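*Asks:* Give me the fold of what follows.
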Amino acid sequence: MNEYQIYYYTITEDQEGMRLDQFLAGELSGHSRSYIQKLIKDGQVSVGDRKVKPAMKLAADDEILLRVPPLKELEVLPEKMDLDILYEDEDVILINKPKDMVVHPCPGRYSGTLVNGLLYHCADNLSGINGVLRPGIVHRIDKDTTGVIIVCKNDLAHRSLADQLKEHSITRRYNAIVYHNFSEEEGTVDAPIGRNPNDRKKMAVEYKKGKHAVTHYRVLDHLNRQYNHIECRLETGRTHQIRVHMAYLKHPLLGDTVYGPAKAMPGLTGQCLHARVLGFIHPRTGEYLEFEAPLPDYFCRLLERFEK
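*Replies:* I've put the predicted structure just below:
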């Protein structure tokens, strides 16, 4: 029978002032910071007799008790899928994700996700850092966004890629079709993103409570004087970042009924957004690698239609 793992720590003077979640993430390198934060919120962490939150600042001589629950039995089943594999080795696998595919299972959707296909293709060779529902997943793209996503096969790769994401050193270039012509051919959006205070299911530019978010964009083509084909380069990776930033500039993505016009173009499902390029430092070799996923058919058809 699996039992909780119990950890005890005493804070030293040089550790004073650290956030609780930051300290624990450093001590338990096999678990992500988001998982540590969940343990804290679930009451699995105590500091003396005080109530704790992830952002709690530690003081010298604080005594910490951490309880890590046993691993849950995997509830997600492998499914045979025709995955579009761009690259694969013993550490990572890069997939060209199609439209209408969810990256990892969520309540009410435990099949048909990319993770289901990866469990079949990779068997037991996926990182376990993010738990049973997100094995190997170090970042994600929206259900209706197509393009390159990298998945980690072991914890070494997962920690390396997570650090690169945190340091904003991963190259991520997206292609999008947006409403209206830009007055300038390129620019940068530096605007923090957080939960929309009026709709918790949406994100928004939030200067008071949002997190640092930067998107660089350049116009690739003016389409029919109604739309622009643009490239976006992510410096940070917030939820819905490109969609929110472009809507903030009054250039929402074509097909984005969440942040743009409520009525979508007939025959178009979801936003016109494609993760075209992903570059990273390989976690084992230290070599910089870059991969590109060609524009999907629906995207090319739209470009041809608007260029006429």
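
*Asks:* where exactly do the helices run in the stretch 51-200 of the chain?
*Replies:* For the stretch 51-200 of the chain, the helices defined by DSSP state H, counting those that start in this stretch cover 114-122, 155-166.

*Asks:* Just name the most buried of those.
*Replies:* Of the helices of the stretch 51-200 of the chain, the one with the most neighbours on average (mean count of other Cβ atoms under 10 Å) is helix 114-122, at a mean of 21. Yep, even glycine has a C-beta here, placed from its N, CA and C like the rest.

*Asks:* Output the contacting helices and strands for it.
*Replies:* Using 3 or more Cβ pairs under 8 Å, 6 or more residues apart in numbering; DSSP states H and E, the elements in contact with helix 114-122 are strand 92-97, strand 146-152.

*Asks:* and Arg33, which of the ones you listed is closest to it?
*Replies:* Distance to Arg33, taken as Cβ to Cβ, is lowest for strand 146-152 among these, at 15.8 Å.

*Asks:* I'd like to know how far the residue of the chain positioned farthest from its centre sits from Cys232.
*Replies:* For the chain, the largest distance from the centre (Cα atoms, centre = their mean) belongs to Asp61, which lies 36.3 Å off. The gap separating Asp61 from Cys232 is 48 Å, by Cβ to Cβ, to the nearest Å.

*Asks:* hang on, isn't the residue farthest from the centre of the chain packed against Val47?
*Replies:* No: using Cβ atoms under 8 Å, Asp61 is not in contact with Val47; the gap is 10.8 Å.

*Asks:* Output the helices of the stretch 51-200 of the chain in CSV; the columns should cover distance to Leu220 and mean pLDDT.
*Replies:* Conversion of these to CSV gives the following (distance: least, Cβ to Cβ, whole Å; pLDDT from 0 to 100):
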stretch, distance to Leu220, mean pLDDT
helix 114-122, 28, 95
helix 155-166, 26, 94
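
*Asks:* got JSON lines for those, with distance to Ala262 too?
*Replies:* Putting the helices of the stretch 51-200 of the chain into JSON lines (distance: least, Cβ to Cβ, whole Å) gives the following:
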{"stretch": "helix 114-122", "distance to Ala262": "28"}
{"stretch": "helix 155-166", "distance to Ala262": "33"}
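
*Asks:* Leu24: which of those helices is closest?
*Replies:* The closest of the helices of the stretch 51-200 of the chain to Leu24 is helix 155-166. By Cβ to Cβ, the value is 15.1 Å.

*Asks:* So which residues of the stretch 101-250 of the chain form strands?
*Replies:* Secondary structure of the stretch 101-250 of the chain (DSSP state E, counting those that start in this stretch): strands at 146-152, 171-179, 186-190, 193-196, 199-205, 214-223, 227-234.

*Asks:* between the last one and strand 214-223, how many degrees?
*Replies:* Between the axes of strand 227-234 and strand 214-223, defined by axes from the mean of the first three to the mean of the last three Cα atoms, to 10 degrees, the angle is 160 degrees.

*Asks:* Begin at 441, not 1, for the rest of this chat.
*Replies:* I'll keep to 441 as the first residue from here, and by that count the last item is strand 667-674.

*Asks:* Quick one: list the elements packing against strand 667-674.
*Replies:* strand 611-619, strand 654-663, helix 681-688.

*Asks:* can you give me the mean pLDDT across that strand?
*Replies:* Averaged across strand 667-674, the pLDDT comes to 97.

*Asks:* quick one: Val588 and Arg580, what's the gap?
*Replies:* According to Cβ to Cβ, Val588 and Arg580 sit 12 Å apart.

*Asks:* And these two? Which one has more around it.
*Replies:* Val588 (25 against 16; other Cβ atoms under 10 Å).

*Asks:* what's around the residue nearest to that one when sequence neighbours are not counted, how many residues?
*Replies:* Closest residue in space to Val588, ignoring its immediate chain neighbours: Leu718 at 4.1 Å, by Cβ to Cβ, 6 or more residues apart in numbering. Leu718 sits with 23 neighbouring residues when counted by other Cβ under 10 Å.

*Asks:* mind listing what the helix or strand containing Leu718 pairs with, with the direction of each?
*Replies:* For Leu718, the host element (DSSP states H and E) is strand 713-721. Partners of strand 713-721 in the sheet, by DSSP bridges, are strand 586-592 (parallel), strand 611-619 (antiparallel), strand 728-732 (antiparallel).

*Asks:* Buried deepest among those strands, which one?
*Replies:* Mean neighbour count (mean count of other Cβ under 10 Å) peaks for strand 586-592 among those, with a mean of 26.
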